[in-house]
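# sequence and predicted structure below; questions after.
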Amino acid sequence: MYFRRFTVHQSGDDNPLCAAPTAIELKDGSLLTAWYDQNTNAQGELSIKSSVFDPFEGRWISQSMILKTGLLSAGNPILFRMNRETIWLVYNALLGEDWSTCQVRCVQSRDEGKSWNNPNILCPEWGSVIGLKPLVRPDGSVLLPLHKVAGRDAGAAFLLKTINGGYDWSEHSLTHPGAALFQSSLAAKNDGKIMMFLRSKKNESCFLWQSHSSDEGNTWSDVERTQFPNPHCRVDLERLSSGNIIMAYNHSLTTKSPLTIALSEDDGEKWHVQTPIDLVEGEFSNPTLIQTRDNIIHLLYSSRLSRIVHICFDEEWLRTNSLRAKRIVHAPLHSRPIAASSVNGAFTDRYREVMWRPKLVLLQ
């Protein structure tokens with residue numbers, strides 16, 4: 001049984017805000033994380049910082065600036081490995097004062113995060129927002145979840161998909177804006193299907209919603225409301241080497257506490273292991289999960305938006321320290337799922353035959 005807790009970063013007077021950590025495993029077995037950080041000495045500018053965890057020394061050994069965008073703010077960084085040689089970092093660049101001016105951009109590293117190329121525009125439409133890690137499929141294709149906060153599709157979730165290493169991206173499975181379901185978290189199932197969890201923006205629907213795809217994310221089933229409470233916060237899914245699936249989420253209808261880990265042994269049909277991570281009052285949000293090659297599970301999250309916390313554990317610890325309380329049956333609360341033809345929900349049958357290619361931009 002294994003469990004350890006670390007502080008990756010603690011905010012200070014000049015940097016009062018830090019949030020939204022993301023992480024990937026490097027070739028040497030170390031862990032690279034990134035988060036966004038606010039600098040009050042630069043008119044509240046948000047930049048992206050990174051740090052490296054050495055599992056042999058058991059500590060975070062370095063910290064550096066990945067991206068400082070000058071007059072722009074950069075937030076919600078997402079790290080993932082496009083292929084063995086290239087790491088991508090996708091982030092939101094705010095061109096104005098609110099999320100409607102957001103543009104999704106990316107940088108790449110070919111030396112395991114030591115240096116990064118110039119930013120490229122990934123999603124040219126303003127008002128598209130990134131927030132959760134992509135799902136990399138066995139064939140090398142990548143499904144990247146986003147949602148829209150501006151324009152005629154404001155309030156809708158969608159995916160960008162690439163099958164050629166990020167050279168081209170196509171848009172898939174746009175939800176009806178009226179559903180107000182967004183920030184999709186994805187996980188592969190043992191039968192080859194993909195599950196998606198979404199959170200709702202509506203006050204009357206403080207629960208997580210679910211959908212499935214059986215064709216590599218091109219189309220999705222009708223969404224169903226689950227019995228998982230959700231205080232309008234993002235969640236994260238991760239499929240383990242054992243074939244089980246875990247989820248980090250806030251088990252509450254109203255507050256971002258407690259931060260909880262749930263585990264399913266049957267592809268999400270039942271979730272019967274719940275382990276509270278932080279039971280004290282406060283705000284524990286923006287969780288991200290990753291399992292490294294040594295089978296250790298890593299959870300990083302924001303604590304009160306002023307500290308980045310790193311917890312690492314194995315599946316044995318998760319089972320031993322679970323509440324083992326009432327089993328949560330993953331089933332819809334509605335008598336039937338929201339139909340795709342409904343005005344208020346589900347995925348449209350629209351598939352945009354639009355191929356986007358990242359375009360180089362100059363830092364402002």
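Nice, I can see it.
# name the helices or strands packed onto the host helix or strand of residue 319?
Following DSSP states H and E, one finds residue 319 within helix 315-320. Counting contacts by 3 or more CB pairs under 8 Å, 6 or more residues apart in numbering; DSSP states H and E, helix 315-320 packs against strand 259-264, strand 273-278. (Glycine included, C-beta is placed from N, CA and C.)
# got phi/psi on residue 101?
Backbone torsions for residue 101, taken as degrees, to the nearest 10, come to phi -100, psi 10.
# hmm, it is touching residue 129, no?
No: contact between residue 101 and residue 129 fails when scored by CB atoms under 8 Å: they sit 10.8 Å apart.
# on that earlier part again, most tightly packed of the helices and strands packed on helix 315-320?
Scoring the helices and strands packed on helix 315-320 by mean neighbour count under mean count of other CB atoms under 10 Å gives strand 259-264 as the most buried, with a mean of 24.
# what is it packed up against?
Strand 259-264 is packed against strand 245-250, strand 270-271, strand 273-278, strand 284-291, helix 315-320, with contacts defined by 3+ CB pairs under 8 Å, 6+ apart.
# ok, which of the ones you listed comes nearest residue 136?
Among those, the nearest to residue 136 by CB to CB is strand 284-291 (12.0 Å).
# show me what that closest one is packed up against.
Using 3+ CB pairs under 8 Å, 6+ apart, the elements in contact with strand 284-291 are strand 18-25, strand 236-239, strand 245-250, strand 259-264, strand 297-303.
# next, format these as JSON lines and append distance to residue 168.
Shown next, in JSON lines, are those (distance: least, CB to CB, whole Å):
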{"stretch": "strand 18-25", "distance to residue 168": "23"}
{"stretch": "strand 236-239", "distance to residue 168": "26"}
{"stretch": "strand 245-250", "distance to residue 168": "30"}
{"stretch": "strand 259-264", "distance to residue 168": "34"}
{"stretch": "strand 297-303", "distance to residue 168": "31"}
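# and residue 111, how many neighbours does it have?
Neighbourhood size, residue 111 [other CB atoms under 10 Å]: 10.
# coming back round to it: CA atoms only for the helix holding residue 319, dumped as PDB, please.
Taking C-alpha atoms only, helix 315-320 is exported to PDB below (Å, rounded to 0.1, in the frame of the first residue of the first chain):
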ATOM      1  CA  GLU A 315      -5.100   1.000  -5.900                       C
ATOM      2  CA  GLU A 316      -4.600  -0.900  -2.700                       C
ATOM      3  CA  TRP A 317      -4.600   2.300  -0.700                       C
ATOM      4  CA  LEU A 318      -7.700   3.400  -2.500                       C
ATOM      5  CA  ARG A 319      -9.600   0.300  -1.500                       C
ATOM      6  CA  THR A 320      -8.300   0.200   2.100                       C
END
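# hmm, who's touching it?
1-3, 240, 242, 244, 246, 261, 263, 273, 275, 295, 297 (CB atoms under 8 Å, 6 or more residues apart in numbering).
# I'd assumed residue 287 was in contact with residue 297.
No: using CB under 8 Å, residue 297 is not in contact with residue 287, being 11.8 Å away.
# tell me which of those two has more neighbours.
Shown here are residue 297 and residue 287; by other CB under 10 Å, residue 287 has more neighbours (26 against 23).
# if we can go back for a sec, what distance separates the helix holding residue 319 from the middle of the whole chain?
23 Å (CA atoms, centre = their mean, to the nearest Å).
# that helix: which residues count as buried?
315, 317-318 (16 or more other CB atoms under 10 Å).
# then stretch 52-67?
Neighbour count says stretch 52-67 has 52-53, 55, 60, 66-67 buried, by 16+ other CB under 10 Å.
# next one: stretch 109-126
The neighbour-count criterion (16+ other CB under 10 Å) identifies 109, 112-113, 116, 119-123, 125-126 as the buried residues of stretch 109-126.
# closest to residue 197 among these?
Closest approach to residue 197 among the buried residues of stretch 109-126 (CB to CB): residue 123, at 21.7 Å.
# next up, the contacts around that closest one.
If you count contacts by CB under 8 Å, 6+ apart, residue 123 has them with 103-104, 130, 146, 160, 169, 356.
# tell me what it is bridged to.
Residue 123 has these beta-bridge partners by DSSP bridges: residue 104.
# try residue 128
Counting by DSSP bridges, residue 128 is bridged to residue 148.
# that older thread, closest to residue 21 among the contacts of residue 123?
residue 130 (14.2 Å).
# so who does that closest one touch?
Neighbouring residues of residue 130 by CB under 8 Å, 6+ apart: 76, 78, 90-92, 104, 123, 144-146.
# for the residue most central in space within the chain, which three-state class applies?
In the chain, the centroid-proximal residue (CA atoms, centre = their mean) is residue 132; its distance is 2.1 Å. Of the three states, residue 132 takes coil under DSSP: H, G, I helix; E, B strand; the rest coil.
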